[in-house]
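**Q** after the sequence you'll find the predicted model.
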Amino acid sequence: MTVKLLAFAGSTRAGSLNQALLDLAVGEARARGAQVTSIRLKDFALPLYDGDLEQSDFPPAARELKALFQANQGFLIASPEYNGSVSGVLKNAIDWASRPTDGESMVALSAFRGKVAGLMAASMGPFGGLRGITTMRQILQTIQTLVATEQVLVPMAHTAFADGALKDPLPAQLLGGLVARVIDLAERLAP
Ligand SMILES: Cc1cc2nc3c(=O)[nH]c(=O)nc-3n(C[C@H](O)[C@H](O)[C@H](O)COP(=O)(O)O)c2cc1C
């Protein structure tokens, strides 16, 4: 069975270190036989979550993003830590995708329930985005996603890459372990 994964970063800027880290994970997952759809959240015109907007006209971009989440068995996510927590872009995308559509119950969580996530963070600080990734783990677990125990942190990320690769073999090795675990968990959870 080919595992289907969706990959996205919590930073939208050109030259994002997290996008660079995510790209490595995507390559690793494809090399291990997974079918990976890699998206940029910037390409989705997501408004800030607003309950009135949700009631009046569920934004098409939010519906499209949710459908992608639903269509995949797991997620590869790399996100910066902003002020000790997750990036707003990432949280907003998750909040929209967690909302019920088409008569679903409030707790259906059809974009997340039974899915797997592998988390990564690259930060310019010395702690590698640990606080952001820990909060991300808690958010995803709250919405019924199984988060792999492995995770990858890249501190001082502005000096960590050379020609798109990680200079330090340790995070590179951890990345392989994380991706392998996500694929394995997704296979085991497949209905
Ligand atoms: C609003 C904001 C808050 C930030 N807060 C933190 C932080 O709490 N911890 C940290 O290590 N880096 C922090 N940074 C620095 C990021 O690690 C750095 O900008 C990083 O390159 C962002 O990831 P990106 O390269 O994928 O865009 C912050 C950056 C911004 C813009």
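**A** It's in.

**Q** which positions in the host helix or strand of residue 176 come out as buried?
**A** For residue 176, the host element (DSSP states H and E) is helix 169-189. Buried residues in helix 169-189, counting neighbours by 16 or more other CB atoms under 10 Å, are found at 171-172, 174-176, 178-183, 185-186. C-beta coordinates here come from the backbone N, C-alpha and C atoms, glycine included.

**Q** can you list contacts of it?
**A** The contact list for helix 169-189 (CB atoms under 8 Å, 6 or more residues apart in numbering) reads 1, 3-5, 21, 24-25, 28-29, 32-34, 73-74, 76, 114-120, 146, 148-154, 160, 165-166.

**Q** check contacts around the closest residue to residue 145 other than its chain neighbours.
**A** Distances taken as CB to CB, 6 or more residues apart in numbering place residue 112 nearest to residue 145, at 4.6 Å, with adjacent residues excluded. Residues near residue 112 by CB under 8 Å, 6+ apart: 69, 97-98, 140, 143-145.

**Q** residue 146 versus residue 112, what's the distance?
**A** Noted for residue 112: a distance of 10 Å to residue 146, by CB to CB, to the nearest Å.

**Q** over to residue 11?
**A** Residue 11 is 24 Å from residue 146, by CB to CB.

**Q** who's more crowded, these two?
**A** Taking neighbours as other CB atoms under 10 Å, residue 11 and residue 146 compare with residue 11 leading, 22 against 19.

**Q** pLDDT at the closest residue in space to residue 136 that isn't next to it in sequence, what is it?
**A** Of all residues not flanking residue 136 in the chain, residue 86 sits nearest, at 5.2 Å (CB to CB, 6+ apart). In this prediction, residue 86 carries a pLDDT score of 98.
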